[in-house]
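Visitor: Sequence first, then the predicted structure, then my questions.
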Amino acid sequence: MAAAPQLRLLLLLLLLCAALSAARRERQPPVRLFTEPELARYGGQQEGQPIYLAVKGVVFDVTSGKEFYGKGAPYNALAGKDSTRGVAKMSLDPADLTHDITGLTEEELKSLDDTFNNVYKAKYPIVGYTSRRILNEDGSPNLDFKPEDQPHFSITDEF
Ligand code: HEM
């Protein structure tokens, strides 16, 4: 028996949605894992090269914020590395340009989360994660890494 017209329309729509979502997945470049030297290649020193910056181990493409992070720009020091501590403390002191959040105050941690959510996640595409976010220096798993908490996380995109 032929399906009712509404049912056929629904099936057609479902097929269209599946095709569109597959096409979108293919267009997005897969996210990457960055070691420190790899991330350092995207510090904005070379004209035409994308500029990347990591906060909380998430690597953002901040090329559209060239006026902040490009060569000679005020926050260029934050680029090409995980600058979590500097962002938390609003500091450009080289000693603060690290992933290390040891000893930060509640206020600094709150400020870090605000900037992470309202500036970085809101403005810039995510291109990957720092390798440190997945593994500790000794190669053991970093138990703070929760894939399910990651924005846009999809196992097929990541690996
Ligand atoms: C005299 C000191 C500073 C002034 C007057 C200042 C001013 C500003 C202004 C006006 C913006 C917003 C720009 C916009 O959205 O168009 C901004 C953004 C920002 N500032 Fe500062 N800032 C100062 C120091 C710092 C320091 C020391 C840091 C260290 C981390 C910092 C980190 C940032 C970041 C991460 C953003 C967001 C940039 C983005 O949208 O990607 N600022 N600042």
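Guide: Everything's here; your move. Numbers count the residues shown, from 1 in each chain.
Visitor: what's whichever strand or helix holds Arg132 packed up against?
Guide: If you go by DSSP states H and E, Arg132 is part of helix 131-134. Applying 3 or more Cβ pairs under 8 Å, 6 or more residues apart in numbering; DSSP states H and E, one finds that helix 131-134 contacts strand 32-34. Where you see a C-beta, it was placed from the backbone N, CA and C, and this is true even at glycine.
Visitor: Can you give the contact residues for the helix holding Arg132?
Guide: Under the criterion Cβ atoms under 8 Å, 6 or more residues apart in numbering, residues 33-36, 56-58, 82, 99, 141-142, 144-145 lie in contact with helix 131-134.
Visitor: Need the CA coordinates for that helix. PDB is fine.
Guide: What follows is helix 131-134 as a C-alpha-only set of coordinates in PDB (Å, rounded to 0.1, in the frame of the first residue of the first chain):
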ATOM      1  CA  SER A 131      47.900  17.000  23.800                       C
ATOM      2  CA  ARG A 132      48.400  17.800  27.400                       C
ATOM      3  CA  ARG A 133      44.600  17.900  27.800                       C
ATOM      4  CA  ILE A 134      44.500  14.200  27.000                       C
END
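Visitor: what comes up buried for it?
Guide: Of the residues in helix 131-134, those buried by neighbour count under the rule 16 or more other Cβ atoms under 10 Å are Ser131, Arg132, Arg133.
Visitor: same thing with stretch 59-73?
Guide: Counting neighbours by 16+ other Cβ under 10 Å, the buried set in stretch 59-73 is Val59, Phe60, Asp61, Val62, Thr63, Gly65, Phe68, Tyr69, Gly70, Ala73.
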